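Undergrad: Here is the input, now give the coordinates:
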Amino acid sequence: MSAERIHYRTAVVGGQEIFYREAGSPDAPALLLLHGFPTSSHMFRDLIPRLAARYHVIAPDHLGFGYSSAPSADEFTYTFANLAALTQEFTEQLGLTRFALYIQDYGAPIGLRLALAHPERITAIVTQNGNAYTEGLGEAWDAPLALIAGRTPETEAPVREIRSLEGIKWQYLHGLPDPSLVSPDAYHYDAALMAREGQDAIQLDLMADYGSNFDLYPAFQEYFRTSGVPLLATWGAHDEIFVPAGALAFLRDLPEAEIHLLPTGHFALETHAAQIASLIDDFLVRKL
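TA: Numbers count the residues shown, from 1 in each chain. All right, here's what the predicted structure looks like:
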């Protein structure tokens, strides 16, 4: 496999097609990139080429996202536990026995479930607005928390707006000193995929299940303490979804964690891909 080229592949996992981007030599240290809501592995399009010369980079689309299969909510039970189980099977199918994790947004509870199940497989963690502490929940969580507390037509309506074009655009542009640095292609791409038939029920089911991740926060934090896993946070400081306090909280359980608060928002790679790639490379060279 040429390190300079990104390959676009599909694996059949648990009877479902999982699309993924792959680059770098299979003999290099592996880095698994797990995206958040409402995007896909597309969010890593600028990061992957910057890391492929030194690392074996794999970025799947979660089931229901991007180019992966999106069975209806009647055909598949969309929970974070089930997405994590699929992701674990995906890594095993690709022969990933040791790998670093890059986690963002939804990718955090999915990836950290992998770490709980097989801590020996995780070499390091890079978290980019990937939360594991209640301190990290910003004001943007008011509507999702209401849905988690009780799912009704009244609590579903404002959560639906989060995946509208305007809601997605807000996630990309809010808090940026210069919004003109973000290509409209990014949020229009996500919005188009989120508008597909069946997405309403899929995304509401996942958001309603997000409380299961809060229940695991103590276990995630115990994993940090007992494993001492090397952790780098490259966090958008102006994010109001997962706020900077969530990044700083890692120091409580991992005192040697390296925290970088960058002058950008929730999707930090849109504006700071080069800087984040440099931080990751420096970090992994030292820690691996």
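
Undergrad: Who are the packing partners of the top helix by length along the chain?
TA: Longest helix of the chain, by residue count under DSSP state H: helix 269-287. In terms of contacts (3 or more C-beta pairs under 8 Å, 6 or more residues apart in numbering; DSSP states H and E), helix 269-287 is packed against helix 48-51, strand 122-127, strand 231-236, strand 258-262. In this view, the C-beta of every residue, glycine as well, is placed from N, C-alpha and C.

Undergrad: and it, how far from the chain's centre?
TA: The chain centroid and the centroid of helix 269-287 are separated by 16 Å, computed with C-alpha atoms, centre = their mean, to the nearest Å.

Undergrad: That one - what's its average pLDDT?
TA: Taken as a whole, helix 269-287 carries a mean pLDDT of 98.

Undergrad: mind saving the C-alpha coords of it as PDB?
TA: Only the C-alpha atoms of helix 269-287 are listed here, as PDB (Å, rounded to 0.1, in the frame of the first residue of the first chain):
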ATOM      1  CA  LEU A 269      -9.700  19.800  11.800                       C
ATOM      2  CA  GLU A 270     -11.500  22.200   9.500                       C
ATOM      3  CA  THR A 271      -9.100  25.000  10.500                       C
ATOM      4  CA  HIS A 272      -6.200  23.300  12.300                       C
ATOM      5  CA  ALA A 273      -5.500  20.000  10.500                       C
ATOM      6  CA  ALA A 274      -1.800  20.800   9.900                       C
ATOM      7  CA  GLN A 275      -1.200  21.900  13.500                       C
ATOM      8  CA  ILE A 276      -3.100  18.800  14.900                       C
ATOM      9  CA  ALA A 277      -1.200  16.500  12.600                       C
ATOM     10  CA  SER A 278       2.100  18.000  13.900                       C
ATOM     11  CA  LEU A 279       1.000  17.600  17.500                       C
ATOM     12  CA  ILE A 280      -0.100  14.000  16.900                       C
ATOM     13  CA  ASP A 281       3.100  13.100  15.200                       C
ATOM     14  CA  ASP A 282       5.300  14.600  17.900                       C
ATOM     15  CA  PHE A 283       3.200  12.900  20.600                       C
ATOM     16  CA  LEU A 284       3.100   9.400  19.000                       C
ATOM     17  CA  VAL A 285       6.800   9.500  18.200                       C
ATOM     18  CA  ARG A 286       7.600  10.100  21.800                       C
ATOM     19  CA  LYS A 287       5.000   7.800  23.400                       C
END
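
Undergrad: For it, list every residue counted as buried.
TA: Residues of helix 269-287 classed as buried by neighbour count (16 or more other C-beta atoms under 10 Å): 269-273, 276-277, 279-280, 283-284, 287.

Undergrad: Kindly report the same for stretch 210-223.
TA: Buried residues in stretch 210-223 (16+ other C-beta under 10 Å): 210, 213, 216-217, 220-221, 223.
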